[in-house]
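>>> my questions concern the predicted model and sequence given below.
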Amino acid sequence: MKVSIITSCFNRAATIRGAIESVLAQDYNNIEFIVVDGASTDGSLEIIREYEGRISTIISEPDHGMYEAINKGIRLATGDVIGLLHSDDFFYDNGVISRIVEHMKTTRADFLYGDGLFVNPDNTDKVVRNWIGGDYRLWKVRHGWLPLHPTCYIRREVMMRLGLYNESYKIAADSELLVRYLMTGGLSVTYLKEYVVRMRMGGLSTDSAKRKKMWGEDIRVYSSHGLWPTLTKLEKMAWKVPQFVLALLKG
């Protein structure tokens, strides 16, 4: 089983090396690694090109945001399964992809998700949110729950059939894709009860403009898929509370 991993990057010189080395360190050897850079100006591209012989495909050109970059990567991908690793993030350990492949082969699933950790951007050993996905139930999706996007691995033929990221969303295209796939795709979904990724905690919670935009885009997602928008958004927020509690308990 070939796994295509897509990393999008724009001006992430401080973190892109860690993301790249995290992919290259995986003990699974059938990985297609695609890096899509949005014409960075901070030295990111120079760092990416240091690994030119080990990255399957490198693109660097202007784009209109992360989701356009990811869609470019998906269209180029030739793997059986597609996953993302964002430029600020890194895999939990070197055996993550091997375990994902084994689980997908065993379950014959179309869609896999796992657990993830949000970490302090300045101290990646410090866990801020502990995201435990839990068993899959469609009723949870209808009530605001979604799997953690960077832990999701999806068969390429499913993505080609159901469509890629809706680029009219600037923040919530990942949520829209997950709701669309899970509610209407008729997919076989499996949960890998293991950590997949460590994600540096971003600044959305302290940026009021972005919070307002996220609220509006989430409302649009739920409305477009026949859910009660405001109620579902509030339920989504409620699902996050235990993650912070678990992080405190984890230490």
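Okay, I see it.

>>> quick one: low-confidence parts of the stretch 1-150 of the chain?
Under the criterion pLDDT under 70, no range of the stretch 1-150 of the chain is flagged.

>>> can you give me the helices for this protein?
Along the chain, the segments classed as helices by DSSP state H run 16-24, 44-49, 66-76, 96-107, 138-142, 156-162, 173-184, 208-224, 229-250.

>>> which among these is found nearest to residue 193?
helix 96-107 (9.3 Å; Cβ to Cβ). Heads up, the C-betas are built off the backbone N, CA and C, glycines and all.

>>> what about the residue lying closest to residue 179 once chain neighbours are set aside, neighbour count?
Leaving aside its chain neighbours, residue 179 sits nearest to residue 225 (5.2 Å; criterion: Cβ to Cβ, 6 or more residues apart in numbering). Counted with other Cβ atoms under 10 Å, residues neighbouring residue 225 total 17.

>>> one more: residue 53?
The local packing of residue 53 (other Cβ under 10 Å) involves 6 other residues.

>>> same question for residue 76.
Residue 76: 15 surrounding residues under other Cβ under 10 Å.

>>> that one reaches residue 57, doesn't it?
Yes. Look at residue 76 against residue 57 with Cβ atoms under 8 Å: they come within range, at 5.8 Å.

>>> overlap in contacts of those two?
Both residue 76 and residue 57 are in contact with residue 34, where contact means Cβ atoms under 8 Å, 6 or more residues apart in numbering.

>>> got a list of what the nearest residue to residue 95 once chain neighbours are set aside touches?
Nearest non-adjacent residue to residue 95, counting by Cβ to Cβ, 6+ apart: residue 27, 5.6 Å away. Contact partners of residue 27, counting by Cβ under 8 Å, 6+ apart, are 94-95, 97-98.

>>> the same query, at a cut-off of 10 Å, please.
Residue 27 makes contact with 93-99, according to Cβ atoms under 10 Å, 6 or more residues apart in numbering.

>>> go on, residue 73?
4-8, 32-36, 57, 59, 82, 84, 164.

>>> which one (most neighbours) among these?
Neighbour counts for these, by other Cβ under 10 Å, peak at residue 35, which reaches 29 neighbours.

>>> that one contacts residue 58, correct?
Yes. Between residue 35 and residue 58 a contact is recorded at 5.2 Å, counting by Cβ atoms under 10 Å.

>>> mutual contacts of the two, please.
45, 48-49, 51-52.

>>> same question for stretch 243-251, mean pLDDT?
Mean per-residue pLDDT for stretch 243-251: 65.

>>> nearest spatial neighbour of residue 43, chain-adjacent residues omitted?
The nearest residue in space to residue 43 (Cβ to Cβ, 6+ apart) is residue 13, at 4.3 Å.
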